[in-house]
Structure formats: structure tokens, C-alpha cells
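Undergrad: Predicted model and sequence follow; I will ask about them next.
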Amino acid sequence: MTAPLIVAPAGAPLIVAIDGPAAAGKGTLARRLAARLGLPYLDTGLLYRAVGRLVLDRAADPQDPAAAEAAALALAPADLDRPDLRTPEAAMAASAVAAVPAVRAALLAFQRSFGQARGAVLDGRDIGTVVFPQARVKLFVTASPAARARRRWLELQAAGSTVPLAQVEAETRQRDAQDAARATAPMKPAPDAVLLDTTALDADQAFAAALAHLDTRLGEIPAPAP
Ligand code: DC
């Protein structure tokens, strides 16, 4: 039995919340769903990565709440276009600044206004629990730690990195543990989220499973906006 739906106000734009641990396939899935639904897509992890990068630029400690908050308040749109946001270093810095409540508060309004304008697909850790608890569709996408680490390692290799698989797996586990254990907006499935385990699924199969869920949840899959 699926959990009861928290109904958004009639006429509210469609929000699809995709949460889950690192490298579970959220980004690929969210991007494809957004294209299928004709909705904007926001990778909220990129916001935390950009804040983490700014802290590192300033030679400060991402775990220092004052440094992390100052970076979040200084964030500018161009910071999201930096080419160095996908590195393991940026990921670890992102996870550290993401534990600072003032950082999360500083990024919340942007995420909400992005989605409220005309609906959106957003992926992250707290979209279904905190950013859009009233989202009509919530997926918690996961996979075994080994499968996730391997996917991230293959991505990094394709980008020219030589970081060993064992290091990627250790960092992925550490990041997940931090993201799930923090006091503010920890990573966890919303009570009404549907779990999608992609360990044995390729990207097409995960997309098909997500579409089937959307169909059940919404009664039909909306046509993309013209
Ligand atoms: O999705 P990602 O791997 O790019 O996210 C990087 C880090 O940012 C992640 O380890 C935790 C943090 N994050 C978060 O706390 N909340 C979000 N909604 C998205 C990311």
C-alpha cells in the first residue's frame, strides 16, 4: 500500500521532489522527468557545493558555521557555473556546510521561489521533508553503497580523475552518514515518499519506474507545457 498523499492546494504548480543519498541516480532521473513534464529542474546539491567552494576559496573551514554562513550569504548566480563543483573535495565541503542551519536557511527561499514560479523537479536531501513538504510527487531514490560508489567513480574517471574506487566509496559513506545524522533537515525519506532502489536498474529502467509512479500518483502524466 502506498502512503496517503498530502494534497497540494488545487491549481498549485506540480512539484516533484527527488531525495536520496549520493550517486543514487537522482540527477539523471530528475533531469529526464523534468524534460518529460516540461518543468524546470533544480539540482539543489549544486547550491551547497558552490557554498562549500566559496569557503575553500577563502581558505576557511567548511565546518566553521560563521565562515559557511558568510559564504552562503555571498553566493551569486555565477558561482553555480563554476567547473570545479563536481569534485570529491567540493562534495565533502558541501556536506560540511550543509550541516550549518544558517546555510540551509539562506538557501531555502531561493529553492522555494524556484519551484513556486511554475512548478519544478528538484533533487536533494530534504526536498520532500523541508523545502516542499506539500510536493505532490516524492521519490526517495537509493542504491547499495557499493553500486553508488562505483557509479560516481566511473563518472569521475570519465572526467579524467584518477581517484581510487576505495576512496570514492569511503567518502560517499562518510558524506551519507553526515547528511543523515545532522540535526537540521537530515537526509531521510518523507513519510509519504515512495522508495526507488536503483541498485539493479539502469537509467531507462529507473525512469520507467518513476513514470509509473507518477501515473499512479497523479492519475495521468501531464503533457509538457507548450
Ligand atoms: O547532491 P549532491 O551530492 O551534489 O550534494 C552535495 C552535498 O550537499 C550533500 O552531501 C549534502 C548537501 N545537500 C543537502 O544537504 N541538501 C540538499 N537538498 C542537497 C544537497
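TA: Happy to help now that I have it.
Undergrad: Near the ligand, which residues of the protein are found?
TA: Counting by C-beta under 6 Å from any ligand atom, the residues of the chain lying close to the ligand are 22, 44-45, 48-49, 91, 94-95, 98, 124-127, 175, 179. From N, CA and C alone the C-beta is placed, and that goes for glycine too.
Undergrad: Low-confidence bits of this protein, can you list those?
TA: Applying pLDDT under 70 to the chain flags the ranges 1-10, 220-226.
Undergrad: Now do Ala170 against Pro145, distance only.
TA: Using C-beta to C-beta, to the nearest Å, Ala170 is found at 10 Å from Pro145.
Undergrad: And the two? Which one has more around it.
TA: Pro145 (17 against 12; other C-beta atoms under 10 Å).
Undergrad: Surely the more buried one and Glu169 touch.
TA: Yes. Pro145 lies in contact with Glu169 (C-beta atoms under 8 Å); the separation is 6.7 Å.
Undergrad: Please, where are all the helices along the protein?
TA: Using DSSP state H, the helices of the chain run over 26-37, 44-57, 65-74, 88-97, 101-118, 145-158, 165-181, 203-218.
Undergrad: ok, Arg151 - contacts?
TA: For Arg151, the contact set (C-beta atoms under 8 Å, 6 or more residues apart in numbering) comprises 23, 25, 143.
Undergrad: Out of those residues, who's the most crowded?
TA: Gly25 (25 neighbours).
Undergrad: now the contacts of Arg151 as CSV including distance to Ala78?
TA: Formatted as CSV, these follow (distance: C-beta to C-beta, whole Å):
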residue, distance to Ala78
Ala23, 26
Gly25, 28
Ala143, 33
